[in-house]
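> All I have is the shape, not the residue letters:
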C-alpha cells in the first residue's frame with residue numbers, strides 16, 4: 001500500500017514537471033545581445049524595448065535577409081540589392097533590379113547605422129524599421145510577392161519553424177515577427193570603424209590632404225552631412241533635374257506638398273567611396289560627377305535648398321582634398337565582417353558574379 005502511494009506521488013510530480021517544462025517551452029531561452037553605441041555618438045532612436053536583440057533573432061533575420069524565397073519567383077533577396085561589399089547598397093547599377101528583369105525607379109541606398117534613423121526610403125515614406133522590408137517584398141518591380149505567400153513559404157520550412165520559435169516563442173509565424181527579425185539583423189550593421197573614426201578616437205592621424213579635406217568639409221558640407229552620422233536625415237532639393245521617364249517627385253509623393261517637390265533624403269557619406277552610383281536614381285557614377293553637379297550643373301528653382309541657391313563653389317584643388325577626406329570614411333572591417341554575410345559563408349573579398357547585368 002505504501003509503495004502504491006509513493007508511486008502515485010512520483011507520478012504526480014512527474015506530471016507536474018512535464019507541465020512546467022511545457023509551459024516554459026512557450027518562453028524561449030534566448031541569448032540577449034547588447035547594442036553597443038559608439039563613443040561620442042547620440043542615443044539611437046530605435047526602441048529596443050519593443051524588440052530586444054537576441055542571438056536567435058539576429059540569426060533568423062540574417063537568414064531571411066538572404067533568402068530569395070521571399071520574392072515571387074525565388075530570384076531576389078534583400079541582399080540582392082543590398083550587397084555587403086558595396087556597404088549594402090546596389091553596387092555599380094544606377095537603378096536597382098527586380099523580378100522578371102524589371103528595374104526599379106531608384107538606387108537602393110547603403111544599409112548601416114539604421115538604429116539612428118526615424119524614416120526610411122529616399123522619400124521617407126516608411127516611418128518604422130520593422131515595417132520597411134514589407135515595401136520591397138510586395139513591390140511589383142522589386143520582389144513582387146504578397147505577404148500571405150511569404151508567410152506560407154516560411155511556415156513550410158522546418159528550419160524556419162524552429163528558428164522563429166527559438167527567437168520569439170510559440171508556434172505562430174506572422175509578418176510582425178518577420179519584420180522584427182529582419183530589424184534585429186540590420187540593426188547590427190553599424191559602421192563606425194573607418195579611418196575617420198580612428199582619428200576621432202585618437203588612434204590614427206590624417207595625412208595632409210585628408211586634414212585639408214576635412215577642413216573644407218566642415219566649411220562647405222557639414223550643414224547637411226553632420227557628424228558623426230554624416231547626414232542630418234533631412235529632405236532637400238539639391239538642384240537635380242527631374243528625370244522625364246522616372247517622374248520621381250521625391251518627398252512630395254508622401255506629403256502631397258508642392259514645397260517638397262524633388263526633395264530627397266540627405267544620404268550618409270559614410271562608405272561613400274563604395275556606394276556609387278550616387279543620387280536617388282544613381283545618375284552620378286563618380287564623386288567627380290557629384291562635385292561637378294554642385295559647382296556648375298545644378299538647376300536652381302523654387303524648392304532648391306536655400307544653402308545651394310548660388311550652387312557650391314569648388315576649385316579643383318578643393319575637390320582633390322575633399323576626395324581624400326571622403327575616402328577616410330570607408331569602413332573596411334564593416335564590409336568584410338563575416339557576421340553580416342549569408343549564413344554559412346565566409347566573406348571572400350570579391351563581388352559575386354552579377355547575373356542581372
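Alright, I've got the coordinates. Every value quoted in this text rests on a predicted model; they were computed, and no experiment measured them.
> any weak-confidence spans in the chain?
For the chain, applying pLDDT under 70 flags the ranges 1-27, 346-357.
> the strands in it, which residues?
Taking DSSP state E to define them, one finds strands in the chain at 235-236, 264-265.
> which one of those is the most hemmed in?
Comparing these by mean neighbour count (mean count of other CB atoms under 10 Å), strand 264-265 comes out on top with a mean of 22. Any C-beta I mention is one placed from the backbone N, CA and C, and that applies to glycine too.
> distance between that strand and the chain's centre?
15 Å (CA atoms, centre = their mean, to the nearest Å).
> Could you find the closest non-adjacent residue to the residue nearest the centre of the chain?
For the chain, residue 111 is the residue whose C-alpha lies nearest the centre (CA atoms, centre = their mean; 2.6 Å). The shortest distance from residue 111 to any non-neighbouring residue, by CB to CB, 6 or more residues apart in numbering, is to residue 88 (3.8 Å).
> Confirm for me that that neighbour is in contact with residue 114.
No: applying CB atoms under 8 Å as the test, residue 88 and residue 114 come out as separate, 9.9 Å apart.
> residues contacting residue 114?
By CB atoms under 8 Å, 6 or more residues apart in numbering, residue 114 lies in contact with 46, 120, 129, 186, 187, 189.
> what sits against the third one?
Listed by CB under 8 Å, 6+ apart, the contact set of residue 129 reads 46, 114, 117, 120, 183, 186, 187.
> residues near the closest residue to residue 211 other than its chain neighbours, how many?
The shortest distance from residue 211 to any non-neighbouring residue, by CB to CB, 6+ apart, is to residue 325 (7.9 Å). Residue 325: 23 surrounding residues under other CB atoms under 10 Å.
> quick one: residue 325 from residue 312, how far?
Distance, residue 325 to residue 312, by CB to CB, to the nearest Å: 16 Å.
> swap in residue 339?
39 Å.
> For the two, indicate the residue with more neighbours.
residue 312 (17 against 11).
> what about the more buried one, distance to residue 292?
11 Å.
> Kindly report the same for residue 320.
14 Å.
> picking up where we left off before, report how many residues lie close to the residue nearest to residue 111.
Residue 88 has 28 nearby residues by other CB under 10 Å.
> List the contacts of it.
82, 110, 111, 112, 189, 340.
> Is residue 240 in contact with residue 283, as I believe?
Yes: if you go by CB under 8 Å, residue 240 and residue 283 touch, sitting 7.3 Å apart.
> quick one: contacts for residue 64?
Contacts for residue 64 (CB under 8 Å, 6+ apart) come out as 70, 78, 178, 181, 182, 185.
> hmm, try it at 7 Å
Shown in contact with residue 64 (CB atoms under 7 Å, 6 or more residues apart in numbering): 70, 178, 181, 182.
> Most widely separated two among the contacts of residue 129?
For the contacts of residue 129, the maximum inter-member distance is 12.8 Å, found between 120 and 187 (CB to CB).
> Return the member of the contacts of residue 129 nearest to residue 231.
Nearest to residue 231, judged by CB to CB, of these is residue 117 at 8.8 Å.
> if I read this right, the closest one contacts residue 233, doesn't it?
Yes: shown here, residue 117 and residue 233 form a contact pair, counting by CB atoms under 7 Å, at 6.5 Å.
> ok, the two, which is more surrounded?
Neighbour count, other CB under 10 Å: between residue 117 and residue 233, residue 117 has more, with 20 against 17.
> Roughly how far does that one sit from residue 42?
From residue 117 to residue 42 the distance is 12 Å (CB to CB).
> same thing with residue 236?
21 Å.
> Repeat that for residue 330.
From residue 330 to residue 42 the distance is 22 Å (CB to CB).
> Comparing those two, which residue is more hemmed in?
Between residue 330 and residue 42, counted using other CB under 10 Å, the more crowded position is residue 330 (19 against 9).
> Just give the nearest non-adjacent residue to the more buried one, would you?
residue 273 is the one closest to residue 330 (CB to CB, 6+ apart), at 5.0 Å.
> what about that neighbour, distance to residue 169?
Counting by CB to CB - residue 273 and residue 169 are separated by 43 Å.
> if I read this right, residue 124 contacts residue 254, doesn't it?
Yes: in this structure residue 124 lies within contact range of residue 254 using CB under 7 Å: 6.1 Å.
> out of the two, which sits in the busier spot?
Just comparing residue 124 and residue 254: by other CB under 10 Å the higher neighbour count belongs to residue 124, 22 against 18.
> where exactly do the helices run in the protein?
Assigned by DSSP state H, the chain shows helices spanning 2-25, 55-65, 78-81, 134-138, 147-155, 158-168, 175-186, 195-200, 208-220, 252-255, 287-292, 316-326, 332-336.
> want to throw the ones you listed into TSV with distance to residue 269?
Formatted as TSV, the helices of the chain follow (distance: least, CB to CB, whole Å):
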stretch	distance to residue 269
helix 2-25	48
helix 55-65	24
helix 78-81	20
helix 134-138	24
helix 147-155	34
helix 158-168	34
helix 175-186	20
helix 195-200	10
helix 208-220	9
helix 252-255	24
helix 287-292	10
helix 316-326	6
helix 332-336	14
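> Would you tell me which of the ones you listed gets closest to residue 94?
Among these, helix 287-292 sits nearest to residue 94 (CB to CB), with 11.4 Å.
> just checking, what packs against the closest one?
helix 316-326 (3 or more CB pairs under 7 Å, 6 or more residues apart in numbering; DSSP states H and E).
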